[in-house]
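Colleague: here's a sequence, model it:
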Amino acid sequence: MNFLTPTPTKRKLFFFIGDLISFSLALMLAYVIRFDLNFPPYYQSQFLFILPIFLAVKFTCFSLFKLYGITWRFVSLNEIWNIVKASLLSLATCGSILYFSRHQSFFSGFSRSVLLIDFLLTMILTILIRGSKRIYLEKIARTTNLNAKECVILGAGRAGEQIARDLLQQYRSNSTPYKPVAFLDDDQRKIGGYIHGIKVEGKLEDIHRLIDKRQIQAAIIAIPSAAAVTLRKIVNLLKTVKINDIKILSSIIDSSRAIELTIKDLRNLQIEDLLGRDVIKIDYQSIGSYLKGKRILITGAAGSIGSEISQQVISFCPEQLILYEIDETELYNLGKTLNPTHHTHMHMVVGDIRDMPKLQRLFARFKPQIIFHAAACKQVPIMEDNPDEAVHTNIIGTYNLAIQAVQHQAEKFVLISTDKAVNPTSVMGATKRIAEYICTGLNKERDGTQFLAVRFGNVLGSRGGVLELFLEQLKNGGPLTVTHPEMKRYFMTIPEAVSLVLQAGAISVEAEVLVLDMGKPLSITTMAEEVIRLNGMEPYRDVKINYVGVRPGEKLFEELLTAEEGTCATCHQKIFTANISTRYRADEIHTMVNRFRSLLQQDQLDKEEIKALIRSYVPNYTAGETINLANAHRRPQNQRQTRKTA
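Modeller: Numbering: from 1, shown residues only. I've put the predicted structure just below:
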């Protein structure tokens with residue numbers, strides 16, 4: 001049984017032996033066919049002399065096109081095309097050898113038609129050998145999942161074709177719960193055609209007619225470029241025909257390679273997809289160039305952003321992944337979700353960035369080369385009442401980490417910043433602005449660590465975020481609470497934001513603060529309305545929306561840049577550099593942090609005194625504006641329904 005267990009070595013040996021037989025048989029049959037099923041003795045001797053030359057040339061050409069390392073089960077058009085190219089190259093090489101050696105006695109009388117017949121037979125036999133397992137499994141010995149759900153694929157483009165192909169393969173091997181039975185696409189030219197034997201039945205709106213014909217139970221939206229408004233229309237259409245099992249493709253596209261989609265690229269539809277979604281192209285090759293084989297430290301590793309950074313970074317096979325987190329329970333939970341390869345050693349370290357001795361031991365032990373600093377105090381209203389904690393974590397904690405990075409000659413330090421650091425009206429935003437100052441002040445000190453701060457807005461689906469609040473309130477029957485009718489925020493899904501953060505780290509620019517393009521700001525009221533609708537109810541009729549007033553430190557509209565900064569484009573359309581107008585030298589940073597440390601050590605600590613010291617370094621830090629809700633009457637329902645959705 002062990003002998004039959006497939007391994008890469010056995011597969012290569014099988015293909016080698018198969019090709020040895022195929023190449024020999026092809027040349028012999030070429031002679032036989034050329035001489036009308038005869039094989040004269042003279043040409044038998046010529047065959048035996050020429051065969052080793054042909055074998056050497058063909059094995060070399062097939063090796064050049066990596067045809068001995070392919071996966072037998074998943075041979076595709078790419079492998080067949082490589083066989084054609086390898087055969088053409090061997091034809092040209094053998095033809096050249098025969099031409100320049102035509103005066104030699106053994107090559108005398110060699111028929112050129114033998115060469116062409118041999119070329120055709122070589123292609124046919126090698127394609128049959130490599131495609132035999134797939135033909136057997138999919139056409140002869142196939143077993144199907146009789147309990148598989150019939151599904152419709154929305155989108156008959158390249159993505160839909162690739163998903164359908166993989167679904168059919170998995171369905172025939174009884175390894176998927178879905179059976180693709182129809183395509184729908186709005187492109188009139190595709191309607192009526194067939195893709196892998198599956199008919200394009202009509203436009204998306206023809207789903208009602210399709211439901212009457214087939215027992216459709218699931219849908220796959222194979223339109224990677226679909227914006228949120230398009231997705232909402234499609235989902236509403238599916239819900240009208242009672243299809244609730246909906247799969248979707250990721251909105252993050254790897255721009256560094258040709259996309260080959262499989263069912264592993266499908267995931268359940270999430271409400272975040274319907275509230276804000278732009279297709280984001282990520283160059284994973286450039287990201288891998290600075291992460292692969294490196295020692296990487298992630299602070300705040302079990303938080304919403306930190307855990308996603310951990311998930312994405314581990315896929316680039318770092319040498320070591322050090323997860324630093326103050327909450328041991330969440331760190332334990334994170335560790336269960338990560339699956340490092342044998343190339344990566346993962347270390348889970350419980351600790352606090354405010355603990356300098358702990359950080360010194362951490363850096364001395366692991367010597368991290370890349371640092372993603374996601375640990376921070378982020379809750380705006382709470383930090384207004386606890387400014388000492390915001391200072392201790394966001395300023396002193398960042399400084400502790402940055403100093404260790406410089407002393408241990410880390411290559412890169414990436415700070416996760418926020419749009420609330422721009423013209424801050426909160427303690428949280430102002431302390432994050434000072435964290436940016438620390439990074440710009442220490443950047444490449446003595447030609448050492450490169451510091452980079454990446455600003456972005458709110459992320460959908462984060463713990464303690466507005467979306468989580470709305471879903472919890474809806475679960476309890478409402479009402480949904482919004483601070484102000486005109487409150488707006490920039491939003492991006494967590495995977496999208498983290499992918500752009502990793503991409504920002506790969507951009508070769510001298511900039512110290514990068515800004516992510518978050519798209520258009522989304523009205524919080526609009527979000528509340530959409531959450532209600534997506535759960536099958538009508539806002540203001542089934543579930544109320546109440547306005548509760550702006551909380552301390554909040555402002556109606558967050559900015560990604562201060563007016564005086566401005567931006568410059570980078571090589572990525574979603575990432576810009578900020579022209580920093582305020583910066584401090586390294587010695588000024590040390591003095592600044594010492595002043596904050598001295599202040600926090602006082603027995604009697606006044607919140608206003610802390611805010612005053614913050615304001616001395618961030619002059620544009622102002623207390624949040626007070627909004628009078630008396631004039632913020634709820635607009636009529638028909639006005640809300642006609643408002644554009646961000």
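Colleague: neighbours of the nearest residue to Leu502 once chain neighbours are set aside, how many?
Modeller: Excluding its sequence neighbours, the residue lying closest to Leu502 (Cβ to Cβ, 6 or more residues apart in numbering) is Ile287, at 4.9 Å. The C-beta positions use only the backbone N, C-alpha and C, and glycine is treated the same way. Neighbours of Ile287 under the rule other Cβ atoms under 10 Å: 23.
Colleague: per-residue confidence at Ile287?
Modeller: Note for Ile287: predicted pLDDT of 92.
Colleague: which helix or strand contains it?
Modeller: helix 284-291 (DSSP states H and E).
Colleague: over to Phe576?
Modeller: Assigned by DSSP H and E, Phe576 falls in strand 575-578.
Colleague: quickly run through the sheet partners of that strand, with directions.
Modeller: Strand 575-578 pairs in its sheet with strand 513-516 (antiparallel), strand 567-569 (antiparallel), by DSSP bridges.
Colleague: any idea which of those is most buried?
Modeller: Between the strands paired with strand 575-578, strand 513-516 has the highest mean count of neighbours, a mean of 25, where neighbours are mean count of other Cβ atoms under 10 Å.
Colleague: let's have the strands paired with strand 575-578 in JSON lines, adding distance to Ala227.
Modeller: Listed next are the strands paired with strand 575-578 as JSON lines, based on distance: least, Cβ to Cβ, whole Å:
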{"stretch": "strand 513-516", "distance to Ala227": "18"}
{"stretch": "strand 567-569", "distance to Ala227": "23"}
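Colleague: and Lys544, which of those is closest to it?
Modeller: The closest approach between Lys544 and any of the strands paired with strand 575-578, judged by Cβ to Cβ, belongs to strand 513-516 at 34.3 Å.
Colleague: so what are the sheet partners of the helix or strand just after the closest one and their directions?
Modeller: The C-terminal neighbour of strand 513-516 among helices and strands, as given by DSSP H and E, is strand 522-523. The pairing partners recorded for strand 522-523 under DSSP bridges are strand 488-489 (antiparallel).
Colleague: and the closest residue to Val531 other than its chain neighbours, what element?
Modeller: Leaving aside its chain neighbours, Val531 sits nearest to Phe470 (4.8 Å; criterion: Cβ to Cβ, 6+ apart). Secondary structure from DSSP H and E places Phe470 in helix 466-475.
Colleague: which residue packs closest to His584, ignoring adjacent ones?
Modeller: Careful, residue 584 is Tyr; it's not His. Leaving aside its chain neighbours, Tyr584 sits nearest to Gly441 (4.6 Å; criterion: Cβ to Cβ, 6+ apart).
Colleague: count the residues that sit near that neighbour.
Modeller: Using other Cβ under 10 Å: Gly441 sits among 21 other residues.
Colleague: that's a strand at it, yeah?
Modeller: No - according to DSSP: H, G, I helix; E, B strand; the rest coil, Gly441 belongs to no strand; its state is helix.
Colleague: what residues are up against it?
Modeller: Shown in contact with Gly441 (Cβ atoms under 8 Å, 6 or more residues apart in numbering): 583-586, 588-589.
Colleague: show only the entries of the residues you listed found in helices.
Modeller: Using DSSP state H, the subset of those located in helices is 586, 588-589.
Colleague: neighbour-wise, which one of those residues leads?
Modeller: When neighbours are counted as other Cβ under 10 Å, the busiest of the ones in helices among the contacts of Gly441 turns out to be Ile589, with 22 neighbours.
Colleague: isn't that one right next to Thr398, touching?
Modeller: No - judged on Cβ atoms under 8 Å, Ile589 makes no contact with Thr398 at a distance of 10.4 Å.
Colleague: give me the common contacts of the two.
Modeller: With Cβ under 8 Å, 6+ apart, Ile589 and Thr398 have common neighbours Ile438.
Colleague: in the stretch 451-600 of the chain, what spans have low per-residue confidence?
Modeller: Scanning the stretch 451-600 of the chain for pLDDT under 70 picks out the ranges 461-464, 508-511, 553, 555, 557-567.
Colleague: A strand includes Ile532, no?
Modeller: No - using three-state DSSP, the assignment for Ile532 is helix, not a strand.
Colleague: which parts of this structure belong to which domain?
Modeller: The record's domain split for the chain, according to automatic domain parsing, is 2-140, 149-269, 281-629.
Colleague: much appreciated, bye for now.
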